[in-house]
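Chemist: Show me the folded form of this:
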Amino acid sequence: MKPNQAARILARSVASSAFVLAAMSAVPAAATTVAFQNVVGEWLLPVPGSTAVTYTGNPGANATVRWGVPSNNANAQSGYNFIGSNVGPLVVPPGGSSGVATIGTFQHVNFPINAGTSITGISLKFTADVLIDNVSVGERNFLYNFTHYETPNGDNPCADGGAQGAGVNVNGCADRVLMNFNSISETFMIGADKYTLDLAGFLVGGNPTTGFWTTENQINTASIQGKVNLYERAVSGGVPEPATWAMMIIGFGATGVMVRNNRRRILARA
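Modeler: Next up, the predicted model:
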C-alpha cells in the first residue's frame with residue numbers, strides 16, 4: 001500500500017469516528033418519571049420546645065397540630081392541618097428538575113390566642129413511597145420547616161403593611177407562615193445522580209407565594225407546592241450508561257467496516 005493511500009484511509013477513519021461520536025452526543029438521554037404514593041405527614045419539633053402542643057392523626061394522611069391559650073373561645077386554639085395526596089408521576093429531564101406539583105393541602109386554623117402561647121416554628125415530615133419509572137425504590141422522608149409569625153391583632157397598619165379591618169386583615173391583623181426545605185431530607189437515585197423532593201412554596205387562590213398571610217377567625221387553606229430537584233450530580237468521567245456503550249460499539253463497528261472496505265478497494269486497484 002502506498003503511503004498516500006494509507007494516509008487517506010486514516011483520514012477517512014478519523015472523520016468517520018468523529019461523525020459517529022457527534023451522532024452519539026446528539027442522542028438525548030431519556031427523561032425519568034417520579035411518583036410519590038402512600039403519603040403520610042407528621043408534625044414535629046415545635047419551636048420553642050416548651051410550648052404545649054397537641055397532635056391528632058399524627059403521623060397520618062390527615063395530620064393536625066394545635067397550640068395556644070384561646071383569648072375568646074375555650075375550644076379555638078390555633079394550629080396547622082396537613083392533608084396528604086399522591087404526587088405525580090412527575091417528568092424529570094436528565095440533570096434537571098421536574099415541573100411544580102401539589103404535594104399536599106395545608107391549612108392554618110387561625111384563632112386569636114393569648115400572647116406568649118404561640119409557636120414560632122414547627123417541622124413537617126413528609127413520608128412517601130418513591131416510584132421511579134413505575135418501579136418502587138422504597139420509602140423516603142423529606143423534612144420541611146415552617147416559620148410561624150403570630151402578629152399583634154390590634155396593630156394599624158398590620159404586619160403585612162395593610163390597614164386594620166380590610167382585606168386579609170378584616171378580622172384583625174393577619175398571621176404569616178413561611179416554609180423551606182431542610183437539607184437533612186433523604187434522597188433517591190436517578191441513574192448516578194441524587195435527587196430529592198424540594199418545596200416550591202404555597203399556592204393560594206391560584207397564585208404562587210412563599211409567604212402565606214392568613215385571616216384571623218377562620219381556616220385558611222393553601223396547596224403546598226413541590227418539585228423533584230437535583231441534589232447532587234455524579235462525578236464526571238464515570239462509567240458510560242449501557243445505552244452509551246451500545247452506541248459506542250455500533251459506532252466503532254461501523255468505522256471498522258468502512259476502513260476494511262476502503263482497504264479492499266485500494267488493494268483491488270493496486
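Chemist: Give the full set of residues in contact with residue 136.
Modeler: 129-130 (C-beta atoms under 8 Å, 6 or more residues apart in numbering). C-betas here are computed from N, CA, C, even on glycine.
Chemist: 7 Å instead?
Modeler: residue 129 (C-beta atoms under 7 Å, 6 or more residues apart in numbering).
Chemist: That one and residue 225: what is the separation?
Modeler: 24 Å (C-beta to C-beta, to the nearest Å).
Chemist: again, but for residue 117
Modeler: The value you get for residue 117 to residue 225, if C-beta to C-beta is used, is 30 Å.
Chemist: so where is the stretch 51-200 of the chain shaky, pLDDT-wise?
Modeler: For the stretch 51-200 of the chain, the stretches with pLDDT under 70 are 73-75.
Chemist: Let's see that with 90 instead.
Modeler: 51, 71-76, 85, 88, 95, 114-116, 152-154, 181-184, 199-200 (pLDDT under 90).
Chemist: Would you confirm that residue 62 contacts residue 83?
Modeler: Yes. Here residue 62 reaches residue 83: they are 5.4 Å apart, a contact under C-beta atoms under 7 Å.
Chemist: Counting neighbours around each, name which of the two comes out higher.
Modeler: residue 83 (19 against 14; other C-beta atoms under 10 Å).
Chemist: before we move on, which element is the more buried one in?
Modeler: Using DSSP states H and E, residue 83 sits within strand 78-84.
Chemist: Which residues does that strand contact?
Modeler: Contacts for strand 78-84 (C-beta under 7 Å, 6+ apart): 39-41, 43, 61-68, 104-111, 113, 118, 124.
Chemist: just the buried members of the residues you listed?
Modeler: In those, burial by neighbour count holds for 39-41, 43, 63-68, 104-111, 113, 118, 124, counting by 16 or more other C-beta atoms under 10 Å.
Chemist: can you tell me which of those are in strands?
Modeler: Among the buried ones among the contacts of strand 78-84, the members found in strands (DSSP state E) are 39-41, 43, 63-67, 104-110, 124.
Chemist: ok, now which ones touch residue 72?
Modeler: Going by C-beta under 7 Å, 6+ apart, residue 72 touches residue 112.
Chemist: Okay, it and residue 119: tell me how far apart.
Modeler: When residue 72 is compared with residue 119 (using C-beta to C-beta), they lie 19 Å apart.
Chemist: Next: residue 165.
Modeler: As judged by C-beta to C-beta, residue 165 and residue 119 stand 26 Å apart.
Chemist: which of the two has more neighbours?
Modeler: Higher neighbour count among residue 165 and residue 119: residue 119, with 22 against 12, using other C-beta under 10 Å.
Chemist: Compute the distance between that one and residue 60, please.
Modeler: 20 Å.
Chemist: swap in residue 220?
Modeler: From residue 220 to residue 60 the distance is 21 Å (C-beta to C-beta).
Chemist: Please enumerate the strands of the stretch 1-150 of the chain.
Modeler: Secondary structure of the stretch 1-150 of the chain by DSSP state E, counting those that start in this stretch: the strands cover 32-47, 53-56, 62-67, 78-84, 87-92, 101-110, 121-132, 135-149.
Chemist: could you dump those to JSON lines with distance to residue 199?
Modeler: Output for the strands of the stretch 1-150 of the chain, formatted as JSON lines (distance: least, C-beta to C-beta, whole Å):
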{"stretch": "strand 32-47", "distance to residue 199": "13"}
{"stretch": "strand 53-56", "distance to residue 199": "22"}
{"stretch": "strand 62-67", "distance to residue 199": "17"}
{"stretch": "strand 78-84", "distance to residue 199": "13"}
{"stretch": "strand 87-92", "distance to residue 199": "12"}
{"stretch": "strand 101-110", "distance to residue 199": "8"}
{"stretch": "strand 121-132", "distance to residue 199": "9"}
{"stretch": "strand 135-149", "distance to residue 199": "6"}
